[in-house]
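# generate coordinates for the sequence data below:
(2 chains)
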Number of protein chains: 2
Amino acid sequence: MKLYEFNPAPNPRRVRMFLAEKGIKVDMEQVDIFKGENLSPEYRAINPRGMIPTLVFDDGSFIDETMAICRYFEAEQPEPSLFGKTPREQGAVESWVRRIEHDGIAQAAYVIRNSNPAFENRGVAGLDDCPQIPDLVERGRKGLTKFFKTLDDQLAKNEFIAGSNYSAADINALCAVDFAEFVGVTVPEDLTHLSAWRQKVTARESSKA
Amino acid sequence: MKLYEFNPAPNPRRVRMFLAEKGIKVDMEQVDIFKGENLSPEYRAINPRGMIPTLVFDDGSFIDETMAICRYFEAEQPEPSLFGKTPREQGAVESWVRRIEHDGIAQAAYVIRNSNPAFENRGVAGLDDCPQIPDLVERGRKGLTKFFKTLDDQLAKNEFIAGSNYSAADINALCAVDFAEFVGVTVPEDLTHLSAWRQKVTARESSKA
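Purely as a prediction, here's the structure:
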């Protein structure tokens, strides 16, 4: 089994943090998205979609999509549970993961994918010949500002994103916030709950994975 | 417990089909997205995000996000399993669900959200004051054409979307294909595997839910 990933990108980081929290070790190989290595014929032979991260099994079959890879590992090794234990917890974690992806990670991706020359004609991951749309940069920035406030409000009432337990929602949220800052949208200083939580989850060993 | 939903929209339909396959009955109430009822103060008091579908518990807490609601019910009543049994199946189902949402449902949403006057300044669900971006209509149409071919290729080798068992991936794919046709992008006649599968899953009682 091998995980194809790219160290600086937020999606592979979500998987690495998930594995670190579970204490699972997997062989990893770097594929440079900035250089477009994920779109090379060599990599397309592994995953025709050119997606990173991708988990490849010894028989050549694979799972792509970040959270699908995490679901695979959650099923293989349920403890520590990162998608929630009770049905209510499971619903809450999945809801927050989706919200973080939509309101956070996707908005930061709008900013970088539609402004950075490295992504010219690659406005959406996985779609060929997809021109950049400059208006999406502003949409993304606005979305991130709202997103930070959402997290701060939630963390004013909860120790972790999805409630009282650390979960995949925290992994996703940390990657989203750090990715937002990477694309140039910083957390306002007055969001103290968000900042305190960020410090706490960044102090976990998994944040360095 | 009550499910707030809207009969003509694709996301609530994903939940209704999921419940039908499990044989679970839940009280439902209609909230008209076209009329913006989901953005009314009354509905915002239930779910401040204004998202449909939303599952509200008797204590007023809720789960939103379509697949999070499905995950809740999968945990509450595991049989028949719709997210896969083995870790590999679970990974495959989640991967296909994500892919269908990204390459199918989101593309159809791009088309309708950025062209239909009913969604003026509501270009993205859940974001206020979000102007329509006409270029996204063409991006969405191109995406859907590629998406149909992807499904056809997969169904040439597999009885169902994620392999040999009917799953949440089939529910999502049927809702995506029907939604695509609703926004005016039809399945090409030469995609016979996709058409045969579509006929088969449409024949299930759940497709009418």
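
# which secondary structure element contains A:Gly84?
Secondary-structure element containing A:Gly84, defined by DSSP states H and E: none, the residue being outside all helices and strands.

# let me know the outermost residue of chain A.
For chain A, the C-alpha farthest from the mean C-alpha position belongs to A:Asp59; by Cα atoms, centre = their mean, that distance is 26.7 Å.

# residue contacts, it?
Counting by Cβ atoms under 8 Å, 6 or more residues apart in numbering or on different chains, A:Asp59 touches no other residue. Just so you know, the C-beta spots here come from the backbone N, C-alpha and C atoms, and that holds for glycine as well.

# mind checking which helix or strand the closest residue to A:Ile161 other than its chain neighbours is in?
Distances taken as Cβ to Cβ, 6 or more residues apart in numbering or on different chains put A:Ala169 closest to A:Ile161, at 3.9 Å, once the chain neighbours are dropped. For A:Ala169, the element it lies in under DSSP H and E is helix A:168-182.

# where is the longest helix in chain A?
As far as residue count goes, and with DSSP state H defining each element, the longest helix of chain A is helix A:135-157.

# what comes into contact with that helix?
Helix A:135-157 is contacted from outside by A:99-100, A:103-104, A:106-111, A:113-115, A:123, A:161, A:173, A:176-177, A:180, A:183, A:185, A:187-188, A:191-194, A:196-197, B:123-124, B:127, B:129-131, B:133, B:135, using Cβ under 8 Å, 6+ apart.

# drop anything exposed from the residues you listed.
Neighbour-count burial (16 or more other Cβ atoms under 10 Å in any protein chain shown) applied to the contacts of helix A:135-157 gives A:99-100, A:103-104, A:106-111, A:113-115, A:123, A:161, A:173, A:176-177, A:180, A:183, A:185, A:187, A:191, A:194, A:197, B:123-124, B:127, B:130, B:133, B:135.

# helix, strand or coil for A:Glu189?
With DSSP: H, G, I helix; E, B strand; the rest coil as the basis, the three-state label of A:Glu189 is coil.

# which residues does it contact?
With the criterion set at Cβ under 8 Å, 6+ apart, A:Glu189 makes contact with A:Ser195.

# and it, how far from B:Val185?
Using Cβ to Cβ, to the nearest Å, we find A:Glu189 at a distance of 46 Å from B:Val185.

# now for the lowest-mean-pLDDT helix or strand in chain A, which elements pack on it?
Least confident helix or strand, chain A: helix A:106-113 with a mean of 91, by mean pLDDT, DSSP states H and E. For helix A:106-113, the contact count by 3 or more Cβ pairs under 8 Å, 6 or more residues apart in numbering or on different chains; DSSP states H and E identifies helix A:135-157, helix A:168-182 as packing neighbours.
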